[in-house]
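J.: fold the following.
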Amino acid sequence: MSDFLKTKSQFYIPEGMIYLDGNSLGPLTKTAQDRIQYTLNNEWGEMLVTGWNKAGWMEQPNKVGDRIARLIGAASKTVTVGDTLSIKVFQALASAINYQKNRKVLLTDASNFPSDIYAAQGLINMLKADHELKIVNTDNLIENINENVAAIFFTEVDYRTGRRYDAKKIIKTAKQNGALVILDLAHSAGAIDTNLTELDVDFAVGCTYKYLNGGPGSPAFIYVNPNLINSLEPCLSGWLGHENPFDFSLQYNPASGIDRMRVGTPPVIALAALEASLDIWETVNIKDVRETSIQLTDQFIKGVEQKCPMLQLITPRIPENRGSQVSFSFKHGYAVMQACIERGVIGDFRAPDVMRFGFTPLFVDSQDVERASEILAEIMSKDLWNDPKFQKRNKVT
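T.: Residues are numbered from 1 along each chain as shown. Modelled structure (predicted):
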């Protein structure tokens with residue numbers, strides 16, 4: 001049984017703060033500073049360039065990938081870490097459309113994260129052929145999967161509403177029609193009990209700075225089905241994806257397995273911070289995390305709806321249909337969130353009117369949830385959000 005009282009003590013949360021924004025940026029682990037300092041002093045400082053061999057920097061992306069694989073139901077040697085999520089999305093899209101040479105459509109839904117769509121738009125524009133990016137309503141995804149679709153890509157948990165897609169049903173339909181599937185796990189990894197092996201998905205990508213607590217801008221990961229990986233010709237082909245990078249050949253020959261999805265130099269210091277968080281993750285069971293997350297989100301929904309009838313729930317009520325966040329809409333949602341933040345309840349806002357609250361059992365408990373709903377109720381009942389200081393929009397919302 002996972003000990004969430006113990007894990008909570010391993011994160012740095014400022015005194016008096018209720019942190020409900022781990023779905024946007026996870027908090028600092030108390031061991032991360034020492035782990036980073038060790039990398040700086042004992043590895044980079046003492047070893048300099050020999051650290052690539054002595055400290056195992058070159059193997060680090062795949063070793064960390066194996067640790068993440070455990071949390072997303074993937075087999076060993078199917079996940080690697082590095083670069084940004086946008087790069088990994090582009091890499092998966094390009095590889096998929098290159099593999100499906102006779103198919104011309106990339107299919108997604110209008111609720112997908114905009115950056116994923118931008119990556120697809122850029123790829124389509126670059127091809128300058130008869131390829132097409134097709135964007136449909138979320139509920140119309142399945143009916144638009146046909147023999148013209150090279151790949152369908154979607155975010156398993158909607159970043160705005162917290163809705164969890166029926167990935168199994170979508171993947172089944174895609175396979176029946178010969179389309180590949182790219183699953184974005186940005187709001188899944190570390191939040192829900194996704195099992196990529198059971199889903200038999202083709203590609204999955206995700207970031208590590210949300211529920212995995214790797215720190216601001218920590219590197220992304222990519223998974224490729226082991227039955228597919230060696231048939232791919234990576235279009236975004238980097239030096240470290242070469243079969244023999246230190247032969248310095250001018251001809252790109254992809255490495256075997258997940259190594260062919262490596263692109264840039266490993267972000268060693270950032271990976272050190274992520275490793276500190278994964279040490280905590282290895283003490284818990286993802287199914288326990290999911291079960292407790294459902295309890296916390298249920299509690300928050302019930303508490304807010306009882307006390308704040310003016311807020312509209314846009315997250316699914318049925319636990320199986322949501323991730324680990326709860327979203328409410330309100331015309332003046334931005335101002336309400338700023339008032340919450342001033343009172344120590346940290347969530348965030350997504351245009352046009354959505355307030356998001358994330359629930360991470362590793363550092364959020366039922367007492368936090370109860371107190372957060374009380375503070376939100378006071379802000380709403382007394383119109384505290386109507387103070388002019390809460391109306392000015394910051395660059396990051």
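J.: who's in contact with V64?
T.: V81, F221, L271, L274, E275, L278 (Cβ atoms under 8 Å, 6 or more residues apart in numbering). Using the backbone N, CA and C atoms, a C-beta is placed for each residue, glycine as well.
J.: 10 Å - rerun?
T.: 79-82, 208, 214, 219, 221, 266, 271-272, 274-275, 278 (Cβ atoms under 10 Å, 6 or more residues apart in numbering).
J.: among the residues you listed, which are located in helices?
T.: If you go by DSSP state H, the contacts of V64 have L271, A272, L274, E275, L278 in helices.
J.: can you put the residues you listed in CSV and add pLDDT?
T.: Rendered in CSV, the data for the ones in helices among the contacts of V64 read as follows (pLDDT from 0 to 100):
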residue, pLDDT
L271, 97
A272, 97
L274, 98
E275, 98
L278, 98
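J.: what's the most distant pair in these?
T.: Distances among the ones in helices among the contacts of V64 were taken as Cβ to Cβ; the most separated pair is A272 and L278, at 10.7 Å.
J.: neighbour count winner among those two?
T.: Neighbour comparison, A272 and L278: the larger count goes to A272, with 25 against 21 (by other Cβ atoms under 10 Å).
J.: coming back round to it: name the nearest of the contacts of V64 relative to A372.
T.: Looking across the contacts of V64 and measuring by Cβ to Cβ, the closest to A372 is G214, at 24.6 Å.
J.: ok, the closest one to L25 distance?
T.: 10 Å (Cβ to Cβ, to the nearest Å).
J.: those two - which one has more neighbours?
T.: Using other Cβ under 10 Å, the more surrounded residue of G214 and L25 is G214, with 32 against 19.
J.: surely that one meets A273?
T.: Yes: G214 is within contact range of A273, at 5.9 Å (criterion: Cβ atoms under 10 Å).
J.: between the two, which contacts overlap?
T.: With Cβ under 10 Å, 6+ apart as the test, G214 and A273 both reach T29, A32, T208, P267.
J.: leaving out chain neighbours, which residue sits closest to L20?
T.: F357 (4.3 Å; Cβ to Cβ, 6 or more residues apart in numbering).
J.: can I assume that neighbour sits in a strand?
T.: Yes: under DSSP: H, G, I helix; E, B strand; the rest coil, F357 falls within a strand.
J.: look up how far A372 lies from it.
T.: 7 Å.
J.: quick check: neighbours shared by the two?
T.: I18, L20, F300, V304, C340, V345, I346, G347, V364.
J.: tabulate those residues (TSV), appending neighbour count.
T.: Output for the shared contacts of F357 and A372, formatted as TSV (neighbours: other Cβ atoms under 10 Å):
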residue	neighbour count
I18	22
L20	25
F300	25
V304	22
C340	26
V345	23
I346	22
G347	25
V364	26
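J.: next step: the residues you listed restricted to strands.
T.: Among the shared contacts of F357 and A372, DSSP state E puts I18, V345, I346 in strands.
J.: out of those residues, who's nearest F248?
T.: Nearest member of those to F248, counting by Cβ to Cβ, is I346, at 48.3 Å.
J.: no further queries at this time; thank you.
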